[in-house]
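Undergrad: I would like the atomic coordinates for the input below:
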Amino acid sequence: MRRSMSNFWVGLREAWGLAKPYFWSEEKWAARGLLGAVIALNLGLVALNVDYTYWQKYFFNSLQSKNFADFLRLSVSYDRVNQFPYIVPGFLEYLVVLVVVNVYAYYLQQMLQINWRQWLTRNFVAKWLADRAYYNISLSPSQTAGIDNPDQRIADDLNDFATNSLNLGLNFMNNLVNLLSFIFVLYEISGAFTIFGITIPGYMLWLAIIYSIIGTFLTQMIGRKLIRLSFNQQKVEANFRFSLVRVRENPEAIALYGGEEDEIRSLRQRFADVRDNWWAIMRRTKALNFFNYTFGTIAGNFAFFAAAPRVFSGLIQIGDLLQISSVFSQVQGAFSWFVNVYTDLVSLRATVARLHGFQEAVAAARIASQAGPGVSESGASLVLNNLTLSLPDGRKLVNNASLTLPPGAPIILSGPSGAGKSTLFRAIAGIWPFGTGEITRPQGSALFLPQKPYFPLGTLKRTVVYPALEDSVTDETVLAALEAVELGGLARRLHEVETWGQVLSGGEQQRLAIARALIARPDWLFLDEATAACDPGLAARLHKVLQNNLPTTTVVAITHRDAEAPGGRKLTLTPQALQTADE
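TA: As a prediction, this is how the structure comes out:
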């Protein structure tokens with residue numbers, strides 16, 4: 001039990017850590033205003049519920065006494081009841097006010113929910129992409145708490161958090177206000193009960209408290225394992241969805257390998273994880289539902305049995321009994337709030353744990369981005385000073401290398417596979433966090449083209465000009481670049497929206513990336529096997545295109561085929577060494 005309470009406070013602290021920033025952000029006044037309006041409307045609903053119990057009492061008493069005048073008045077218009085300071089509305093008035101308050105309470109809650117989700121999404125995405133946290137998480141998942149499926153955490157978990165925390169928070173507030181509103185009413189109207197010579201005033205109140213405490217304790221004992229199962233369900237569902245996305249994104253490769261059977265086995269295994277965890281949830285939920293349905297059904301009729309002796313003795317009428325039952329349900333329901341929303345709390349706790357873990361992983365990854373070789377910009381040459389590069393597991397690829405590369409002639413970097421050429425490429429780009437030493441990049445613009453180009457969603461033009469804005473480059477410039485890399489046939493499709501990473505072949509993708517360089521016109525251009533998917537003749541022509549169209553650009557090319565690249569300074573990267581030779 002102590003452990004459960006500790007987990008509860010930890011979860012509450014984590015939830016507050018996720019919720020607080022929005023209400024203290026640049027949108028705090030709009031957020032607080034909306035929250036205040038929603039709270040006010042919900043408090044109005046509580047007041048209407050209090051009034052309704054009195055209307056119910058007098059309305060049914062008028063039926064029992066066959067008082068048509070009271071019946072008609074209570075159906076249509078309000079009545080000020082003796083010894084009660086509030087106005088009891090007629091049913092029609094009550095209905096109109098109840099509908100309006102309910103509709104706007106929910107409407108404003110939805111407005112607050114989407115505004116909150118929008119702010120959370122912007123905040124999480126910005127932090128995830130800042131300082132290359134997303135990249136460092138992909139490099140070292142073991143160092144970032146094994147964060148899985150960040151896309152799901154941003155798209156689904158943030159939505160669940162904003163929705164469920166608002167629903168549960170308002171529900172808790174309503175129950176608390178209900179409790180404070182009805183507890184004294186129940187104490188007053190339930191009268192006294194004598195047992196074994198002991199008179200217990202307001203006995204229905206004490207029965208509600210005892211009944212709710214027992215229910216809360218048993219609910220926690222039965223359902224506490226659901227927290228872990230719910231957390232795991234979100235994980236296995238995301239893993240299964242990710243596997244489906246992988247098939248969708250790589251249909252050609254799978255088809256060429258004939259890998260359908262392997263994909264089927266993999267998807268079946270991933271779904272088996274979904275199914276097995278779901279069965280565990282079902283079994284635990286079944287036990288919890290047996291208890292909850294029994295508990296709720298007894299609670300719904302408990303007041304009638306407990307108050308029946310006072311009806312038989314003539315102390316109260318049917319209207320009084322209905323009021324007692326209604327008020328008892330409100331008080332008992334407020335005391336049993338934990339029982340009634342337990343499954344929702346379990347789901348929210350799992351969501352909070354995933355988002356909190358994601359936040360911590362992003363923070364750790366952003367700190368990790370400050371590690372690695374220092375990168376600065378100065379002068380006209382590329383300078384490596386005492387550079388050591390390692391893999392995430394600590395194995396060294398380059399050891400204490402120093403080198404100065406002046407601008408001008410092309411630079412060709414070659415070496416055996418696994419020697420660390422691509423790692424050196426990433427280090428010069430300033431994104432590799434494992435290693436020591438200093439890298440001084442020349443002043444001016446630089447563009448890095450990896451072996452596998454990235455294709456954003458959108459038109460072909462957006463794909464070609466990336467990462468520049470689509471409207472910042474004219475169509476004529478883009479068409480000229482496509483023509484230069486022998487992709488003129490795509491001109492008519494410039495404004496078509498497609499998944500271009502799947503439509504274009506590997507060679508076409510790399511040619512399109514070269515077109516990006518022609519448009520960007522950087523001072524330094526770094527190519528990591530950027531023409532490896534092209535035949536040797538085409539690759540040589542592309543390098544010639546770069547040389548002719550970017551005469552002032554210094555090209556640094558990682559390649560296995562020196563003959564494709566124009567002559568210049570050659571670097572050979574061997575395990576833990578850089579060897580240079582001039583041509």
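Undergrad: Phi first, then psi, for the closest residue to S381 other than its chain neighbours.
TA: Among residues not flanking S381 along the chain, P406 sits closest, at 4.7 Å (Cβ to Cβ, 6 or more residues apart in numbering). Just so you know, the C-beta spots here come from the backbone N, C-alpha and C atoms, and that holds for glycine as well. Main-chain dihedrals, P406, degrees, to the nearest 10: phi -80, psi 160.
Undergrad: wouldn't P406 be in contact with A380 here?
TA: Yes - using Cβ atoms under 8 Å, P406 makes contact with A380 at a distance of 7.0 Å.
Undergrad: Need the pLDDT of the spatially most central residue of the chain.
TA: Centroid-nearest residue in the chain, with Cα atoms, centre = their mean: I154, separated by 2.4 Å. pLDDT recorded at I154 is 86.
Undergrad: likewise the one 5 residues further on?
TA: Per-residue confidence at N159 stands at 88 (pLDDT).
Undergrad: what stretches of this structure score poorly on pLDDT?
TA: Where the chain drops to pLDDT under 70, the residues are 1-8, 77-89, 140-147, 190-198, 202, 252-253, 256-257, 300, 560-568, 571-583.
Undergrad: try 50 this time
TA: 1, 5, 81-85, 142-145, 581-583 (pLDDT under 50).
Undergrad: Show me how it divides into domains.
TA: Following automatic domain parsing, one gets these domains for the chain: 2-368, 374-581.
Undergrad: quick revisit: phi, psi for the spatially closest residue to the residue nearest to the centre of the chain that is not a sequence neighbour please.
TA: Taking Cβ to Cβ, 6+ apart, and ignoring the residues beside it in sequence, I154 has F124 as its nearest neighbour in space, at 5.4 Å. The phi and psi values for F124, taken as degrees, to the nearest 10, are phi -70, psi -40.
Undergrad: check contacts around F124.
TA: Residues in contact with F124, defined by Cβ atoms under 8 Å, 6 or more residues apart in numbering, are R153, I154, L158, F358, Q359, V362.
Undergrad: From T121, how far out is the second one?
TA: Counting by Cβ to Cβ, to the nearest Å, the gap between I154 and T121 amounts to 6 Å.
Undergrad: what do you get for the first one?
TA: To T121, R153 is 11 Å away according to Cβ to Cβ.
Undergrad: out of these two, which sits in the busier spot?
TA: Taking other Cβ atoms under 10 Å, R153 and T121 do not tie; R153 has more neighbours (24 against 15).
Undergrad: so Q359, which of the three states?
TA: Following DSSP: H, G, I helix; E, B strand; the rest coil, the label given to Q359 is helix.
Undergrad: try L229
TA: Strictly by three-state DSSP, L229 counts as helix.
Undergrad: element containing R265?
TA: helix 260-312 (DSSP states H and E).
Undergrad: how far is that helix from where the chain is centred?
TA: 26 Å (Cα atoms, centre = their mean, to the nearest Å).
Undergrad: The nearest residue to L166 once chain neighbours are set aside: neighbour count?
TA: Closest residue to L166 apart from its sequence neighbours, by Cβ to Cβ, 6+ apart: Q113 at 5.6 Å. Residues lying near Q113 (other Cβ under 10 Å) number 19.
Undergrad: Quick one: name whatever helix or strand follows the stretch of helix or strand Q113 belongs to.
TA: Per DSSP H and E, Q113 falls inside helix 91-129. Going down the chain from helix 91-129, the next helix or strand is helix 133-139, by DSSP H and E.
Undergrad: Correct me if wrong: V485 contacts R516.
TA: No - in this structure, V485 is not within contact of R516 by Cβ under 8 Å, at 9.6 Å.
Undergrad: higher neighbour count, the two?
TA: V485 (25 against 21).
Undergrad: which residues sit in contact with the more buried one?
TA: R511, L512, I514, A515, L518, L542, V545.
Undergrad: which pair in those residues spans the largest distance?
TA: L512 and V545 (13.0 Å; Cβ to Cβ).
Undergrad: between these two, which one's more packed in?
TA: More neighbours surround L512 than the other of L512 and V545, with 22 against 19 (other Cβ under 10 Å).
Undergrad: Secondary structure class of the more buried one, three-state.
TA: Applying three-state DSSP: L512 is helix.
Undergrad: From what I see, it and T463 are in contact.
TA: Yes - if you go by Cβ under 8 Å, L512 and T463 touch, sitting 6.8 Å apart.
Undergrad: could the contacts of V485 go into a markdown table alongside distance to L490?
TA: Output for the contacts of V485, formatted as a markdown table (distance: Cβ to Cβ, whole Å):
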| residue | distance to L490 |
| --- | --- |
| R511 | 10 |
| L512 | 8 |
| I514 | 14 |
| A515 | 10 |
| L518 | 15 |
| L542 | 16 |
| V545 | 16 |
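Undergrad: Now rank those residues by neighbours and give me the top one.
TA: Counting by other Cβ under 10 Å, top hit in the contacts of V485: R511 with 28 neighbours.
Undergrad: what sits against that one?
TA: V485, E486, L487, C534, L538, L542 are the contacts of R511 under Cβ under 8 Å, 6+ apart.
Undergrad: Could you measure from it over to L504?
TA: 9 Å.
Undergrad: and if you look at Y94?
TA: To L504, Y94 is 66 Å away according to Cβ to Cβ.
Undergrad: More neighbours: these two, which one.
TA: L504 (20 against 17).
Undergrad: if I pick the more buried one, what's in contact with it?
TA: Applying Cβ under 8 Å, 6+ apart, the residues near L504 are F455, L512.
Undergrad: let's see 10 Å
TA: P453, F455, L460, T463, L487, L490, E498, Q510, R511, L512 (Cβ atoms under 10 Å, 6 or more residues apart in numbering).
Undergrad: With G44 instead?
TA: V97, L98, V100, V101, N102, Y104, A105.
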